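# Let me see the structure of the following:
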Amino acid sequence: GHGGQQQQGQQPSTLFAPDIEEEANSHFQRIYTSELQIESVISMLRGFKASSNQREQEVFACMIHNLFDEYRFFPRYPERELLITGKLFGSLIQHQLVSSITLGIALRYVLEALRKPLRSNMFKFGMCALEQFKQRLVEWPQYCHHILQIAHIRQAHDDLINYIQQALGARPAAAGAQDGSQAAAPAVTPGPGATGAANAAGRNMGAVSTLPLSAPGQQPQQAPP
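Numbers count the residues shown, from 1 in each chain. Sure, this is the predicted structure:
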């Protein structure tokens, strides 16, 4: 099963106590046996993230960390598990359970997957994740342009291309704000220079913001070309 994947051939993470790791992994096992629906997982994670209970916050941080850490193994996942992962991954973005630097990495991972060949499992993962947070694309015009530049999406997914073009057209500041900084939701996607907002967003993430997930200052709306 999937649950053992985190332990095999890797030294255990020193970021979290063993009992925290164990609880986080038990939730993942229930996700992959379909005992836990993604909707339930999201409301559970929401509760953990907002909890005043330190342990629950740590389980939240551990689950997010382990999911991101597993990204490099996603290509080995069976299709069913990968689509469940895609749905979970996209739902984290949709429900604002990741923000600041972590949000930037999540968006970049989805974009990387969308650039993989059309019939590959990783592409299916990307499409599945994107489907969950489509409504938020309007917040990230630059990200939309990156997706529009992927040739095989333009060829095979008219519906998505139309959706993105409509989202870009529906932006109130579309004419004036080329970089999207004015129209972006400030706490989630700070424009250039909005470091205060970024730091505040980082602090709100509690334990997650201290994870070595990316170089500091990675801005969510500046996914690499």
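
# what about Lys87, distance to Pro18?
28 Å (Cβ to Cβ, to the nearest Å). Quick note: C-beta positions are derived from backbone N, CA and C, even for glycine.

# of those two, who's got more company?
Ranked by neighbour count (other Cβ atoms under 10 Å), Lys87 and Pro18 place Lys87 first, with 21 against 9.

# Where does the prediction get shaky in the chain?
Within the chain, the ranges that satisfy pLDDT under 70 run 1-13, 172-225.

# Please enumerate the helices of it.
Counting by DSSP state H, residue ranges of the helices within the chain are 18-32, 38-50, 54-69, 79-94, 100-114, 121-133, 141-148, 151-156, 158-169, 195-204.

# Which residue lies nearest the spatial centre of the chain?
Nearest to the geometric centre of the chain sits Ala106, at 3.2 Å (Cα atoms, centre = their mean).

# In contact with it, which residues?
Ala106 is in contact with 68, 89, 92-93, 98, counting by Cβ atoms under 8 Å, 6 or more residues apart in numbering.

# Considering these, which possesses the most neighbours?
Most neighbours among the contacts of Ala106, by other Cβ under 10 Å: Phe89, with 28 neighbours.

# Surely that one and Val110 touch.
Yes: here Phe89 reaches Val110: they are 7.1 Å apart, a contact under Cβ atoms under 8 Å.

# quick one: common contacting residues for these two?
Counting by Cβ under 8 Å, 6+ apart, the contacts common to Phe89 and Val110 are Ala129.

# nearest residue to Leu148 other than its sequence neighbours?
Spatially, and ignoring its direct neighbours in sequence, Leu148 is nearest to Ile164 (6.0 Å; Cβ to Cβ, 6 or more residues apart in numbering).

# Look up how far Arg76 lies from that neighbour.
Separation of Ile164 from Arg76 (Cβ to Cβ): 30 Å.

# So between these two, which is more surrounded?
Ile164 (22 against 11).

# List the residues that contact that one.
So Ile164 contacts 137, 144, 147-148 (Cβ under 8 Å, 6+ apart).

# What's the local residue count around Val59?
By other Cβ under 10 Å, the burial measure for Val59, its neighbour count, is 26.

# Could you pull up the contacting residues of it?
20, 23-24, 27, 48.

# same check, this time on His157
The contact partners of His157, by Cβ under 8 Å, 6+ apart, come to Met127.

# Tell me the spacing between it and Gly47.
As judged by Cβ to Cβ, His157 and Gly47 stand 35 Å apart.

# number of nearby residues for the closest residue to Pro75 other than its chain neighbours?
Among residues not flanking Pro75 along the chain, Met122 sits closest, at 5.7 Å (Cβ to Cβ, 6+ apart). The number of residues packed near Met122 is 20, by other Cβ under 10 Å.

# okay but Met122 is in contact with Leu111, surely?
No: shown here, Met122 and Leu111 do not form a contact pair, counting by Cβ under 8 Å, at 11.5 Å.

# tell me the contacts of the residue lying closest to Gln132 once chain neighbours are set aside?
Computed as Cβ to Cβ, 6+ apart, the closest residue to Gln132 that is not its neighbour in sequence is Gly90, at 2.8 Å. Counting by Cβ under 8 Å, 6+ apart, Gly90 touches 110, 128-133.

# before we move on, the earlier item: only whichever of the contacts of Ile164 are buried, select them in ChimeraX.
Selecting only the buried entries of the contacts of Ile164 in ChimeraX, with 16 or more other Cβ atoms under 10 Å as the criterion:
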select :137,144,147
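
# Output the contacts of Ile164 as a markdown table; include the columns distance to Glu35.
As requested, the contacts of Ile164 are exported to a markdown table (distance: Cβ to Cβ, whole Å):
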| residue | distance to Glu35 |
| --- | --- |
| Leu137 | 31 |
| Cys144 | 36 |
| Ile147 | 33 |
| Leu148 | 39 |
